[in-house]
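*Asks:* coords please:
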Amino acid sequence: MNSATAPEPRSVLITGGNRGIGRAIAEAFLAQGDRVAVTTRSGGAPDGALEIKADITVPADVDAAFTAAEEAHGPVEILVANAGITADTLLLRMSEEDWSSVIETNLTGSFRLAKRAAKGMLRLKRGRIIFISSVVGLLGSPGQVNYAASKAGLVGMARSLARELGSRSITTNVVAPGYVETDMTSVLTDEQKDAIRTQIPLGRYARPEEVAAAVTWLADPASGYVTGAVIPVDGGLGMGH
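*Replies:* Numbering: from 1, shown residues only. Below is the predicted model of the structure:
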């Protein structure tokens, strides 16, 4: 492809882009030549990305993150709301804090991000909003009532935004990973990992890069007619949900 036909680099903002799935997503957009900003609470953004210290549970931090990305790279054209936490325990042991902290980060944080992103995208009359959910949000999981509720909520949010924003060429979609080889799954015992693998038709965990590939596909100009969709990257675990 010569320079005359090469696509223009786009302004991309990814939350939680310093490790795991978020880092793989950031690296995939960087490899395409896009201008990438990542938010992180602890540092460690990939080389080539603009690192922004931000906590998505703090509204002022969200606004400041977008302002920093806009000043460096121009209006945000692609938002990937990836940052999330867990606080797993059985229902009768789950505290109010266990519930509220997970909902505040995973669901309310994504609402703040989408609202701030939509302002710029509406002016541009184009944009991509991509939420990173989980197969757990579709299948459920014992000990993860809070996490599953937060991740399921992203589907309703995305589909509502797809209807609200679609007339301005803004798409809103969800990627729902299954079990992925990350720091979060590395703490499982070998027995737990083996038990999970037996439920997955492909018989293995996903690589973060495989989740990133689905995200970059949704952000591609060729995917402009896909909105309100839930794309599973779960090895067949969710199978149609």
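*Asks:* for Arg41, grab the count of nearby residues.
*Replies:* Residues lying near Arg41 (other Cβ atoms under 10 Å) number 14. Just so you know, the C-beta spots here come from the backbone N, C-alpha and C atoms, and that holds for glycine as well.
*Asks:* same thing with the one 4 residues further on?
*Replies:* With neighbours defined by other Cβ under 10 Å, the count for Ala45 comes to 22.
*Asks:* for it, give its distance to Ser186.
*Replies:* Applying Cβ to Cβ, to the nearest Å, the value for Ala45 to Ser186 is 21 Å.
*Asks:* how far does stretch 76-90 sit from its chain's centre?
*Replies:* The chain centre lies 6 Å from the centre of stretch 76-90; the measure is Cα atoms, centre = their mean, to the nearest Å.
*Asks:* what average pLDDT does that stretch get?
*Replies:* Averaged across stretch 76-90, the pLDDT comes to 96.
*Asks:* Val62: helix or strand, and which one exactly?
*Replies:* For Val62, the host element (DSSP states H and E) is helix 59-73.
*Asks:* I'd like the next helix or strand past that helix.
*Replies:* Using DSSP H and E, the helix or strand that follows helix 59-73 towards the C-terminus is strand 78-81.
*Asks:* so Arg35 touches Ser11, yeah?
*Replies:* Yes. With contact defined as Cβ atoms under 8 Å, Arg35 counts as touching Ser11 (5.2 Å).
*Asks:* anything in contact with each of those two?
*Replies:* Taking Cβ atoms under 8 Å, 6 or more residues apart in numbering as the criterion, Arg35 and Ser11 both touch His73, Gly74.
*Asks:* in the helix of greatest length in the chain, what counts as buried?
*Replies:* Taking DSSP state H as the criterion, the chain has its longest helix at helix 145-165. Under the neighbour-count criterion of 16 or more other Cβ atoms under 10 Å, helix 145-165 has 145-155, 157-159, 161-162, 165 buried.
*Asks:* longest strand of this structure?
*Replies:* In the chain, assigned by DSSP state E, the strand with the most residues is strand 170-177.
*Asks:* angle of that one against helix 145-165?
*Replies:* Interaxial angle of strand 170-177 relative to helix 145-165 (axes from the mean of the first three to the mean of the last three Cα atoms, to 10 degrees): 160 degrees.
*Asks:* which helices and strands does strand 170-177 pack with?
*Replies:* Judged by 3 or more Cβ pairs under 8 Å, 6 or more residues apart in numbering; DSSP states H and E, the packing partners of strand 170-177 are helix 109-124, strand 127-132, helix 145-165, helix 208-219, strand 230-233.
*Asks:* what mean pLDDT does it get?
*Replies:* The average pLDDT within strand 170-177 is 98.
*Asks:* now do it against helix 109-124, angle only.
*Replies:* Orientation of strand 170-177 against helix 109-124 (the same axes, to 10 degrees) gives an angle of 150 degrees.
*Asks:* pull the distance from strand 170-177 to the chain's centre.
*Replies:* 8 Å.
*Asks:* strands paired with that strand, and their directions?
*Replies:* strand 127-132 (parallel), strand 230-233 (parallel) (DSSP bridges).
*Asks:* would you reformat those as TSV and include mean neighbour count and distance to Ala64?
*Replies:* Shown next, in TSV, are the strands paired with strand 170-177 (neighbours: other Cβ atoms under 10 Å; distance: least, Cβ to Cβ, whole Å):
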stretch	mean neighbour count	distance to Ala64
strand 127-132	26	19
strand 230-233	20	30
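*Asks:* can I get those in CSV with mean pLDDT and distance to Lys53?
*Replies:* CSV is the format used below for these (pLDDT from 0 to 100; distance: least, Cβ to Cβ, whole Å):
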stretch, mean pLDDT, distance to Lys53
strand 127-132, 98, 20
strand 230-233, 96, 29
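*Asks:* having no further points to raise, I will conclude here.
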